[in-house]
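Engineer: Please work out how this folds:
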Amino acid sequence: MKEVIFEILENRRITPGGIFRTELAGDTSDIARPGQFVGLKLDGLYLRRPVSVCDAAPGRLTLIWRVVGAGTRQMSEMRPGERLSALSGLGNGFDAEVSGDRPLLVGGGVGVPPLYYLAKKLREAGKDTAVVLGFATASEAILAREFAGLGCDVTVTTVDGTAGTRGFVTDALPAGRTYFYSCGPEAMMKALNGALGIPGEFSLEERMGCGFGACMGCSRMTVSGSKRVCRDGPVFRKEELIW
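Structural biologist: Sure, this is the predicted structure:
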C-alpha cells in the first residue's frame, strides 16, 4: 500500500443510472492482484472512498463505480487534468492461480468491474473462462463486450428480460466449471453459494473507515472469527464465509 497522486484522464457517465468510468494515469506498481481496490481522497471529506480496480496496466488505472452518496457525487464532477490522491494496492485480491482450466466468473451490477481485470489474467494464462453477468435491466448492463473481446464465453442476465436471459445469474450458470469467482450484491452471492457445488471466492462489499485494517469498521464474522473486509478481504474463499 502507498499513496499515489493520479492524473485524471477521463471521467464519464456510461449508464443512465449513474455508473461512471474513470481513467487515471500514475504509479500502479502496488496493484498486485485483480480484486484489490484504491482509497480515493476527496476534498472536504474525512474518509476516503474505496473503489475496486477494473483494469490496471503500467502507468494506467481504470475504475468503474456508481453514484450513491456525497462522495461519489463529488467524484462525478471530476475533470480531466485534475489530480487525485489514492491509497493504492489495498486488499488481498483474487487468487488466479487456483482456478483450474475452466474458471467461472459471476458478477452483478457494479460488482462486475473487478472481475474484468481477473478475466484478463485468466485469459492470458490460457484458461477457458466463462462469465455470467447479472443486471436489473439492459440500460444498466456494462462490460459484456469487453469480456467477449478477451475471448470469454459471456452470458448476460437481466431481471426484466430486456437483455440476454430473463432472470438472475443463478438461472444461467454453465456446467463443467472448475472454480468460481464472484462479486456483486450479497443476496446474489448468497444464492450463488448454494447453487454452485465447486470451490470459489467471493469479493465482499462493506462500509469502510480507514480502508487498510486499522479501525476495524468493516469487520465481518467468518468461520475462523472476525475478519476485516478491507485488509483480510475483500476476497474470501467460499468455505470461510457464514451467510
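Engineer: For the rest of this, base every contact and every neighbour count on C-alpha atoms.
Structural biologist: Noted.
Engineer: would you list every one of the helices in this protein?
Structural biologist: Applying DSSP state H to the chain gives helices spanning 70-75, 113-124, 144-149, 186-195.
Engineer: Give me the buried positions along the last one.
Structural biologist: By neighbour count, with 16 or more other CA atoms under 10 Å as the criterion, the buried positions of helix 186-195 are 188-189, 192-193.
Engineer: And the pLDDT for residue 73?
Structural biologist: Note for residue 73: predicted pLDDT of 95.
Engineer: Based on its surroundings, how many neighbours for the residue nearest to it when sequence neighbours are not counted?
Structural biologist: In this structure, residue 73 finds its nearest non-sequential neighbour in residue 67, 5.6 Å apart by CA to CA, 6 or more residues apart in numbering. For residue 67, the tally of surrounding residues (other CA atoms under 10 Å) stands at 16.
Engineer: let's number from 3 now, not from 1
Structural biologist: I'll keep to 3 as the first residue from here, and by that count the last item is residue 69.
Engineer: who's in contact with residue 69?
Structural biologist: 20-22, 75, 78 (CA atoms under 8 Å, 6 or more residues apart in numbering).
Engineer: please redo it, this time with the cut-off set to 7 Å
Structural biologist: 20-21, 75 (CA atoms under 7 Å, 6 or more residues apart in numbering).
Engineer: what about burial for the residues you listed, which qualify?
Structural biologist: 20-21.
Engineer: So which residue is smack in the middle of the chain?
Structural biologist: residue 116 (2.8 Å; CA atoms, centre = their mean).
Engineer: Check the gap between it and residue 48 for me.
Structural biologist: Using CA to CA, to the nearest Å, residue 116 is found at 25 Å from residue 48.
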